[in-house]
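A.B. asks: sharing a sequence plus its predicted fold:
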Amino acid sequence: MIDEKVFWGFSNFNTFGMSVRNWALAVGFPVFMIAMGIINITIRGKASADSGLVLGLAFIALGIFYPISYYMYYKKTIREQIKKFNLSTPQNFYTCTLDAEGLNVANADSSAACSFEKMWRGYAVKEYVYLFATKKRGFILPLADVEGATPEELIAFLKQHLGKRFFDKRK
């Protein structure tokens with residue numbers, strides 16, 4: 001079952017926890033902009049003192065307000081999706097089953113399968129397993145909802161079948 005808490009957890013992991021690139025952009029860009037602002041302010045010449053100060057302050061403002069606005073927009077879009085999908089109450093969007101071949105996903109309208117060989121990655125976090133058929137298509141398996149195996153058996157099964165493409169981040 002997917003509810004607001006599960007969706008927030010997946011969204012945060014997918015956006016911030018899975019990729020170093022997102023953290024590099026979230027931290028690197030503001031640090032670079034603030035550094036450029038400080039450099040502009042400190043080395044401005046007498047002839048361009050005002051323009052150096054203005055440009056330096058603009059860089060610093062961009063370095064400060066860009067990550068704040070990004071995070072506020074991110075939270076707003078997640079809240080909108082939670083409202084759109086009515087996640088204030090738990091919803092069952094799909095059912096996942098695993099066998100020796102791979103992942104099978106079914107909902108009321110259709111079903112799909114993804115072999116372990118073609119699966120992009122899998123991640124175990126504290127309360128969930130996230131399986132990604134592709135880089136952009138992930139499925140949430142709440143460990144509390146696992147049937148037919150213990151969470152540890154599930155994680156061992158996925159490690160066996162995904163190998164180096166399975167990451168256990170439950171530390």
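C.D. replies: That came through, no problem.
A.B. asks: any stretches of this protein with poor pLDDT?
C.D. replies: 45-49 (pLDDT under 70).
A.B. asks: can you give the domain ranges for the protein?
C.D. replies: Annotated domains of the chain cover 4-84, 95-168 [automatic domain parsing].
A.B. asks: is it possible to get JSON lines of those that adds mean neighbour count?
C.D. replies: No exception for glycine: its C-beta is placed from N, CA and C like everyone else's. Formatted as JSON lines, the domains of the chain follow (neighbours: other Cβ atoms under 10 Å):
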{"stretch": "domain 4-84", "mean neighbour count": "14"}
{"stretch": "domain 95-168", "mean neighbour count": "15"}
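A.B. asks: please enumerate the helices of this protein.
C.D. replies: All helices of the chain, identified by DSSP state H, fall at 4-12, 20-23, 29-42, 49-84, 151-162.
A.B. asks: among these, which comes closest to Thr97?
C.D. replies: helix 151-162 (11.6 Å; Cβ to Cβ).
A.B. asks: helices and strands around that closest one, which ones?
C.D. replies: strand 95-98, strand 121-124, strand 128-134, strand 166-168 (3 or more Cβ pairs under 8 Å, 6 or more residues apart in numbering; DSSP states H and E).
A.B. asks: what angle do strand 128-134 and that helix make with each other?
C.D. replies: When axes from the mean of the first three to the mean of the last three Cα atoms, to 10 degrees is applied, the directions of helix 151-162 and strand 128-134 differ by 20 degrees.
A.B. asks: contacts for helix 151-162, please.
C.D. replies: 98, 100, 102, 116, 119, 121-122, 124, 129, 131, 141, 143, 146, 149, 166, 168 (Cβ atoms under 8 Å, 6 or more residues apart in numbering).
A.B. asks: rerun that using 6 Å as the cut-off
C.D. replies: 116, 122, 124, 143, 146, 166 (Cβ atoms under 6 Å, 6 or more residues apart in numbering).
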